[in-house]
Each structure stands twice: as structure tokens, then as C-alpha cells.
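A.B. asks: How does the following fold in three dimensions:
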Amino acid sequence: MPGYIEDRWMTKKPDPATGEKRKTERWGKGKRYRVAGIPGVKDRSFAKLHGPEGANAWLAKAQHESASGEFVDPRRGQMLLREYIEQDWWPRRDYDNPSTERTVKGRVWNHVIPHLGDHQLNAIKTAQLGEWLVALKESVGPGTANEAWGYLSSIFQSAIDDERLTRNPCRKQTTLNVPSKPPVKPRAWSKERVLAVQAAMDERFQLCVDLGVGAGLRSSEVFGLSWADIDFEGRRILVRRQVKKVGAQLAFALPKGEKTREVPVPEYLLKRIEAAVQRRPAAAVTLPWKDPRPAKTEREAKERRPQTHQLILTASMGGAIRRDTFDTRIWKPALAAAGVIPAPVEKRVAIKSRPGVFRTVRVYEEAREDGFHALRHTFASVQLDAREPIVAVSKWLGHADPSITLRIYAHMMPEADGRGRSAMQNWFENS
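C.D. replies: Model (predicted):
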């Protein structure tokens, strides 16, 4: 088997006169033993010949792993985690969705690098991970901590593929209390609450509530809905795009999950849409497709070519509605007016561009459970209570798989009313 150990303090051949080896010019300088001659393995020096970290042990291990194609030089894992992320891992990430890219980068740069970035890759073990988790739990919620843990595990797995590590320290952890994502158990609103919130809105935006409850649309899909998407004859809405925010800019894009869908809707919703458009006609809005950032290639330029659609709902000054603006100026004020959340608190905030000048802003309580998505949950609740098949409801909601719908909304499904019990009774009686 190829490979040998060289003693750099003694000559290779003995003295012809005495028959003994002689000291070399390197006697007593540096590490004495060098392991060399193994194909694909960089030479390595050792101070001692024997022992678990000695030249003999490492030679045997390297020979075996080299022969089986599994050798990983531990020295390749001595670079800092920060360096590996910035130089190797992140440049190879390729996200079609800019929002996903921004989320991943935020989690890694805000919650991984500041805590573990100055550790060597191969020096991050259970102890370091434990300290990181403790710090993480003190600063962020379990959902964010769970995501950060997942991205770190992905980074380590990439380092294994790059032959910088032999194992992923995040995998199969039995001693650390890794935070799990909090269970999702959405709540449906009562009809009274829906109407109260809708009544508290500016009349121009009340149709948003109808579309959320009556068709299960996400707010971004409501803002991207065009007049051409309404099939009055077939009594359905074609959900074909959304308005999404990329950085500070807006763009049209496919709905979440990268697929379009059709939602059957009642006559009342079609009439509400028609009446809203008669009062305020649909307006042409032009936005880039998918990504507003400058294209780097001809293909990207073609894919991001702007599109124009006659949007049913537009912002006060024209253009597409921004979801964050809608949330702070329309949605939360309506929630507060309807008594769903407390009244806002007024705070003085300094204007950065004008030192010494302040402005008064209204700060509303966090309303995650009572966001626009509550209308979508109400739509699902009504459909399931009417015993619509879970596969159909999943399709209307735009979920990738019915199991997702079942996991989220199982608690909303009606009881079987004893029908299964009666069926088994009849089966036994007739057997």
C-alpha cells in the first residue's frame, strides 16, 4: 500500500563505517516525522511517531480512507466558518425567489455568523452548538431559531461535500434541545368579526375582505388580481399572479408555490367585484416579472420583462398596493377600530435626516394571529364545515399537497356525527 514515514532528523542510509544512521542538519528542528507518498493526500508532519495522533496511526488511517475514496484532510476544515460561508457556501446559493434569498441571508448573517463565525469549521462541536442555542433562544423565537439551525446544518453538509469535514455536528443531536417550529393552529373568524373589520375600512379596500373570505386569496394575490382573472360565466377566480416586494421594489410573480389555480366563488362575490369596478375602474399597472433587480444575462432580461395588468385594486396614488403599507395603514387600524386589537400607542420618533426633529407615529400591537391570513383560514373553515373534500379545498387554497391542508386545518374539520359507528353496526348486523 503506498505511503511511508520519513524521519527528517536522521539520514535514510546508515554510515558505511559504523553502520548507524547519522543526524541530519535538521536535527532538533521542527516536527520530526513526515507522512508522504499517499495518492491524493497532502504530506503531513508529526512530532511523535506513536500515539493516537502520531505518524503511524495517521498513515494507516489515511491509507485506508484513500483506498476507499473517503479521505478528508482535517487541515481543510481549519478555515473559519465565516470564511467558508462567504467564500464557498453563499456564492453557490441560487434562489429563484429573491424573498427566499433575502430570508436565508438574514438568518445566516444575523444569527449564525455573529455567534459561530470566528470558530474553525472542524472546531464546532456539541459544546459550541449548545452555547449558540442558549444565546439564540434569548434573542429570537423558536421558529427563527429552528430555521437558523437548519441553515447551519446545510452549511456543514456543504462542507462535507467540499471535503472539509467528515461529519455534520448538527445531525442526530441527542444531548441538545434543538428548538422546533411552533405548531400552526389557525383560527377562523366569526361572521360578526369579519363584517366589523370590513366596516372599519376605507370603502375602497373593503373588497379585499370579500376576496380573502370568499375565495381564500392571500393579500399579495388580492393585490395582483386583474379584471381578466374574473370568470363571471364560470363563476370562478383565476389566481394567476401576486404582487411581491423585493427589497424596496415591487414585482409581479406567480402565486406562492409557483403555480396558478382556479377557485369557485359564489354569486355574491362576483357582484361585489363588479360593483367595486363600476365605482372605481380597474387600472393598468406595469411591473417587472418575478425580480425587479437589473438582469445579468439576456435570459434573465427576458424572464423579468415588465408586464401590464388591469388591477382591480390599486394604491391611493395609483400603482400596485404594497402589503406592508396596507398592513399598517388599512388593516391594523381596522382591527383596532373593530376591537380585535388594542388602540395604537403614539410614540415620538427621531427623523434621521433632520437632527433634533421628531415625528409622532402610531404603533399597533403585533397581530400575527389576526393578520390578513385569518380571512383565508375562515374560507377554509367554511368549506370544510360544508364537508367539501380536503383535496378540493387544498387545490383552492393553492397548497402543494392535501397533507399540508390536513395538517393545518384538521382541527376545523367537522365531527363524523357517529356515521362511522352506525356503518360498523350495520356491517355486523348484516354479516
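A.B. asks: For the nearest residue to Ser220 once chain neighbours are set aside, list each beta-bridge partner.
C.D. replies: Nearest in space to Ser220, with sequence neighbours left out and distances taken as C-beta to C-beta, 6 or more residues apart in numbering, is Gln242 at 3.9 Å. Just so you know, the C-beta spots here come from the backbone N, C-alpha and C atoms, and that holds for glycine as well. Beta bridges link Gln242 to Ala253, judged by DSSP bridges.
A.B. asks: neighbours around Gln242, how many?
C.D. replies: 21 (other C-beta atoms under 10 Å).
A.B. asks: Let me see the contact set for it.
C.D. replies: 218, 220-221, 223-224, 252-256 (C-beta atoms under 8 Å, 6 or more residues apart in numbering).
A.B. asks: what about stretch 103-120, how long is it end to end?
C.D. replies: 25 Å (C-alpha to C-alpha, to the nearest Å).
A.B. asks: before we move on, what about stretch 311-330?
C.D. replies: Stretch 311-330: ends 18 Å apart by C-alpha to C-alpha.
A.B. asks: ok, back up a step: now tabulate the contacts of Gln242 in TSV and tack on neighbour count, pLDDT and distance to Ser316.
C.D. replies: As requested, those are arranged in TSV below (neighbours: other C-beta atoms under 10 Å; pLDDT from 0 to 100; distance: C-beta to C-beta, whole Å):
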residue	neighbour count	pLDDT	distance to Ser316
Arg218	21	95	21
Ser220	20	95	18
Glu221	25	97	20
Phe223	26	97	13
Gly224	30	97	18
Phe252	24	96	20
Ala253	23	94	23
Leu254	17	94	27
Pro255	19	94	25
Lys256	17	90	26
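A.B. asks: In strands, which of those residues fall?
C.D. replies: 252-253 (DSSP state E).
A.B. asks: just curious, which of the contacts of Gln242 is nearest to Pro169?
C.D. replies: Of all those, Lys256 has the smallest distance to Pro169: 33.1 Å, by C-beta to C-beta.
A.B. asks: related to what we said a few turns ago, could you dump the contacts of Gln242 to JSON lines with distance to Ser403?
C.D. replies: Listed next are the contacts of Gln242 as JSON lines, based on distance: C-beta to C-beta, whole Å:
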{"residue": "Arg218", "distance to Ser403": "20"}
{"residue": "Ser220", "distance to Ser403": "24"}
{"residue": "Glu221", "distance to Ser403": "22"}
{"residue": "Phe223", "distance to Ser403": "29"}
{"residue": "Gly224", "distance to Ser403": "27"}
{"residue": "Phe252", "distance to Ser403": "29"}
{"residue": "Ala253", "distance to Ser403": "25"}
{"residue": "Leu254", "distance to Ser403": "22"}
{"residue": "Pro255", "distance to Ser403": "19"}
{"residue": "Lys256", "distance to Ser403": "17"}
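A.B. asks: For Glu147, state which of the contacts of Gln242 is nearest.
C.D. replies: Lowest distance from Glu147 to the contacts of Gln242 (C-beta to C-beta) belongs to Lys256, with 17.2 Å.
A.B. asks: separation between the closest one and Arg387?
C.D. replies: To Arg387, Lys256 is 26 Å away according to C-beta to C-beta, to the nearest Å.
A.B. asks: now Arg241
C.D. replies: Counting by C-beta to C-beta, the gap from Arg241 to Arg387 is 31 Å.
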